[in-house]
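[1] can you look at this prediction? I've put the sequence above it.
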4 protein chains.
Amino acid sequence: MPRAERERLILDIAGQVFAQDGYHAAAMDEIARQAGISKPMLYAYFVSKEGLYLAYIERTGQELVDRLQGSLAEPDPLVRVQGRVEEFLRFVEEHRDGWRVLFNEASSSRPVAEQVAELRERIAEALSRLIGAGIAGHGTLDDTTVAVVAHAIVGAGESLANWWLEHPDVSRARMTEWYSRVIRGSLAALLDAPPAVA
Amino acid sequence: MPRAERERLILDIAGQVFAQDGYHAAAMDEIARQAGISKPMLYAYFVSKEGLYLAYIERTGQELVDRLQGSLAEPDPLVRVQGRVEEFLRFVEEHRDGWRVLFNEASSSRPVAEQVAELRERIAEALSRLIGAGIAGHGTLDDTTVAVVAHAIVGAGESLANWWLEHPDVSRARMTEWYSRVIRGSLAALLDAPPAVA
Amino acid sequence: MPRAERERLILDIAGQVFAQDGYHAAAMDEIARQAGISKPMLYAYFVSKEGLYLAYIERTGQELVDRLQGSLAEPDPLVRVQGRVEEFLRFVEEHRDGWRVLFNEASSSRPVAEQVAELRERIAEALSRLIGAGIAGHGTLDDTTVAVVAHAIVGAGESLANWWLEHPDVSRARMTEWYSRVIRGSLAALLDAPPAVA
Amino acid sequence: MPRAERERLILDIAGQVFAQDGYHAAAMDEIARQAGISKPMLYAYFVSKEGLYLAYIERTGQELVDRLQGSLAEPDPLVRVQGRVEEFLRFVEEHRDGWRVLFNEASSSRPVAEQVAELRERIAEALSRLIGAGIAGHGTLDDTTVAVVAHAIVGAGESLANWWLEHPDVSRARMTEWYSRVIRGSLAALLDAPPAVA
DNA sequence: GATGAATGAGCGTTCATTCAT
DNA sequence: CATGAATGAACGCTCATTCAT
């Protein structure tokens, strides 16, 4: 089995275990066993438990970012927002483990927390660009305001996704509609009037 | 030193340590040392590490909930929202440790995770009631939609609070304004039109 | 409450707890609580956990020895043996806790083990004297042989008593008969012929 | 070193420590140190302190039972009894630690106490069978009487063995003779006449 | 390249024992 | 005289990590 493939396999398993047990409770023994390799191999591939965790977050986070940055070709901003939102919710649907690991367990160790924080930042930035493009023609927002609303939107999305995980009978379409409206409403409310000065 | 006071002191210290190291990495030895008492005392007061953690979450969460549920007397919903938001941000300002423990570290052990999840739920419900009262006269929202937007607002608030912690030079007034607008905008956008059906 | 009486009370409680939980698992906290006094008092009376245990063994053992050494007036050795045996079994019946503590938990700490061993020795010696008197006229046994058979008889009695505790429906009369026969038979067998030389 | 051999080694060491300190006072650290392995290995082999103790009791008890149940071929019951007694005393001689652990420390934890009690029962039962076979032709004893005398004999043996451990200059031959006589005498005395009825 | 076997270091918890009052 | 409050010292157990093969 080529190295890259085995790496992927291990990360998949690790994600499951991390999602189920949490970072600390997850045991390297268990991951190695489920992956069908020996513990020294695990260490050869990922150096340490933290390394494994970071690699998983990196891979999963990258995929999320990729989805969110997918085609911006769509001209209608409204449709564009809905498209992104749907991609996001698809990700949550398809990567429940990844989602849980990324957004339900920020803490753990310092470097892990930082990497997760950085990922959030990247997502917020990507979102900020979308917002910048989206509001063109409807007004202007200074950079800080854009960053803030981007974080608000990211946070709302996290929370909605978690709510959705516990209400799986709600359709993706409804979630998309709700989340899209929250986004549009938030933006509109901020464009509506200049923010209070400090 | 009377028992109640010492209890408070210990919880304060514990909050610091939990916020800094995370639940698992936090050591009872360290907490006892910083609190200036012996480990057996720690156990006499809080039974177990989990007990200590839960007590901290309980106390801190209760205070947050209290603040959010403070006087609803204000008739103008707009002002009312801003009042709540400001209370919330004050809490974050004054209880940075508590905030971190409550909202950056959901996982840990099962009972702990449950207690934190329950707290989020209580906040979302309190918010739902506020929303229900707030939109009276502007339209109607079915219960699910209210719950969803409540969670979106809670998530946005979490995210904004975390952003703020890393940009402490931004004034509370600006944060209040932004967050209030996000809330109003989200509500308005959902009232605007019926949500998509499943 | 006079000191002596309280001492007795404490020992009674301690015996219950020791019998139920064993030496190590028995907690001074528990004993103090059940005795209705504070822990420092417990220590004032008995110095240490071991001291308390030793005091209990001393008191209980003494009572057992006293019973075994009761009136030797009875001229008929057969009746005398049966009398002693019945006293012994009465003790077991009336002091189940004491019996358990004395004979089911020899080990624990070194000094405790020694005290229990010494008690056994005292009982065996008392028995040896009985034996010496009893066999007068039926032959002679050297001192070592007497000591050995005394220990055999003591051990048989312990074992029978424990068996009895688990078969409480068997009457004391039957037990007395059996044990008496074992004793007489053992003695007879040793008198029967000179023991092998070393 | 093959696993089985190390297992044996560890059990030997554990027996020494348990015999010397008693179950509770014996520390896993100490056992590991004396066995020249690390504590985690100890746990890998025996799961827990209790597991180690039970394994030791199991092994040692099994050997004792095996010895007691050795060849019954000998036709002469008198010789047969002496053979068994000698085996028993050999066991005590060769496994002083094991003897102490098995018969001087019943208590400890519940499962341990049960296992030791069960072992005693097995020995008494084995003995009961021997007795049943031995008295054939000399009379009859009801089952309860046989069980009782078996327990008496076991108890006498325990006590004699303990006495012997403190008088090591006495030869095994003398002990064998004494114990055999006690056994024969006890049986004879019970056969002699029907036991008193309850 | 791969692993079975091994461990260092640390954590939560308990309890006999003792001050300060 | 009596105690509530406090602790030092262990102990059982676990797990990420690494040699020796």
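    Thanks, I have it.
[2] tell me the residues of chain A that contact DNA strand F?
    Contacts of chain A with DNA strand F, taken as C-beta under 7 Å from any atom of the strand, map to A:25-29, A:39-40, A:43, A:48-50. C-betas here are computed from N, CA, C, even on glycine.
[3] buried among those? Make that a ChimeraX selection.
    Burial among the residues of chain A next to DNA strand F is assessed by 16 or more other C-beta atoms under 10 Å in any protein chain shown; the matching ChimeraX selection reads:
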select /A:26,28,49,50
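[4] now the two most distant members of the residues of chain A next to DNA strand F.
    Using C-beta to C-beta, the two most remote members of these are A:A25 and A:P40, lying 22.1 Å apart.
[5] sorry, back to before: which member of the residues of chain A next to DNA strand F is positioned nearest C:L190?
    C:L190 lies nearest to A:D29 out of the residues of chain A next to DNA strand F, by C-beta to C-beta, at 62.7 Å.
[6] who touches the closest one in this structure?
    A:K39 (C-beta atoms under 8 Å, 6 or more residues apart in numbering or on different chains).
[7] what about A:Y179, distance to DNA strand E?
    Separation of A:Y179 from DNA strand E (C-beta to the nearest atom of the strand, to the nearest Å): 39 Å.
[8] in what helix or strand does that residue lie?
    Following DSSP states H and E, one finds A:Y179 within helix A:172-192.
[9] so, in contact with chain B or not, the helix or strand A:V149 falls within?
    Element membership for A:V149, per DSSP H and E: helix A:143-165. Yes - for helix A:143-165, a contact with chain B is found by C-beta under 8 Å from any C-beta of the partner chain, at A:144-145, A:147-149, A:151-160, A:162-163.
[10] centre of the chain to the helix holding A:Y179, how far?
    18 Å (C-alpha atoms, centre = their mean, to the nearest Å).
[11] again, but for stretch A:91-108
    Put simply, stretch A:91-108 sits 7 Å off its chain's centre (C-alpha atoms, centre = their mean).
[12] next one: stretch A:117-135
    Averaged C-alpha coordinates place stretch A:117-135 at 12 Å from its chain's average position (C-alpha atoms, centre = their mean).
[13] ok, now stretch A:32-51?
    25 Å.
[14] put the alpha carbons of it into CSV.
    C-alpha atoms of stretch A:32-51 as CSV (Å, rounded to 0.1, in the frame of the first residue of the first chain):
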residue,chain,number,x,y,z
ALA,A,32,-3.3,1.8,15.7
ARG,A,33,-5.4,-1.3,16.3
GLN,A,34,-8.3,0.0,14.2
ALA,A,35,-6.0,1.1,11.4
GLY,A,36,-4.4,-2.3,11.4
ILE,A,37,-0.9,-1.1,11.9
SER,A,38,1.5,-1.1,14.8
LYS,A,39,2.0,1.8,17.1
PRO,A,40,5.6,2.5,16.0
MET,A,41,4.3,2.8,12.4
LEU,A,42,1.8,5.4,13.6
TYR,A,43,4.6,7.3,15.1
ALA,A,44,6.7,6.9,12.0
TYR,A,45,3.9,8.5,10.0
PHE,A,46,2.8,11.3,12.4
VAL,A,47,5.5,11.7,15.0
SER,A,48,3.2,12.2,17.9
LYS,A,49,-0.4,12.1,19.0
GLU,A,50,-0.5,15.9,18.6
GLY,A,51,1.0,15.5,15.1
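[15] residues in contact with it?
    Contacts to stretch A:32-51, defined as C-beta under 8 Å, 6+ apart, come from residues A:6-7, A:9-10, A:13-14, A:16-17, A:26, A:28-29, A:31, A:52, A:55, A:109, A:111-112.
[16] now list the buried members of the residues you listed.
    A:10, A:13-14, A:16-17, A:26, A:28, A:31, A:52, A:55, A:109, A:112.
[17] in helices, which of the residues you listed appear?
    Judged by DSSP state H, helices contain the following of these: A:10, A:13-14, A:16-17, A:28, A:31, A:52, A:55, A:112.
[18] quick check: the residue of chain A nearest chain C.
    A:A25 (30.4 Å; C-beta to the nearest C-beta).
[19] in stretch A:64-76, what counts as buried?
    Neighbour count says stretch A:64-76 has A:64-65, A:67-69 buried, by 16+ other C-beta under 10 Å.
[20] hmm, who's touching that stretch?
    With C-beta under 8 Å, 6+ apart, stretch A:64-76 has contacts from A:80, A:83-84, A:87-88, A:90-91, A:95, A:98, A:102, A:119, A:122-123, A:126-127, A:130, A:133.
[21] tally of neighbours for A:Y45?
    A count of nearby residues for A:Y45, using other C-beta atoms under 10 Å in any protein chain shown, gives 17.
[22] give the contact list for the nearest residue in space to A:I57 that is not next to it in sequence.
    Leaving aside its sequence neighbours, A:I57 sits nearest to A:Q115 (C-beta to C-beta, 6 or more residues apart in numbering or on different chains; 5.5 Å). A:Q115 makes contact with A:54, A:57-58, A:61, according to C-beta under 8 Å, 6+ apart.
[23] which ones among these map onto strands?
    Judged by DSSP state E, strands contain none of the contacts of A:Q115.
[24] which among those end up buried?
    Buried, going by 16+ other C-beta under 10 Å: A:54, A:57, A:61, out of these.
[25] those residues into a markdown table, with extra columns for pLDDT?
    Formatted as a markdown table, the buried ones among the contacts of A:Q115 follow (pLDDT from 0 to 100):
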| residue | pLDDT |
| --- | --- |
| A:L54 | 91 |
| A:I57 | 91 |
| A:G61 | 90 |
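[26] between the residues you listed, which is closest to DNA strand F?
    When those are compared for distance to DNA strand F (C-beta to the nearest atom of the strand), A:L54 wins out at 11.6 Å.
[27] isn't the closest one up against A:V112?
    Yes - assessed by C-beta atoms under 8 Å, A:L54 is found in contact with A:V112 at 6.5 Å.
[28] the lowest-mean-pLDDT helix or strand in chain A and DNA strand E in contact?
    Between all helices and strands in chain A, the lowest mean by mean pLDDT, DSSP states H and E belongs to helix A:110-135, at a mean of 83. No - remark: helix A:110-135 sits outside contact range of DNA strand E, by C-beta under 7 Å from any atom of the strand, the gap being at least 14.8 Å.
[29] and that helix, which residues are buried?
    Neighbour-count burial for helix A:110-135, counted by 16+ other C-beta under 10 Å, picks out A:112-113, A:115-116, A:119-124, A:126-128, A:130-131, A:134-135.
[30] so where is chain A shaky, pLDDT-wise?
    A:71-73, A:105-108, A:192-198 (pLDDT under 70).
[31] flag every residue of it that's near DNA strand E.
    So far as C-beta under 7 Å from any atom of the strand goes, chain A lies against DNA strand E at A:37-41, A:44.
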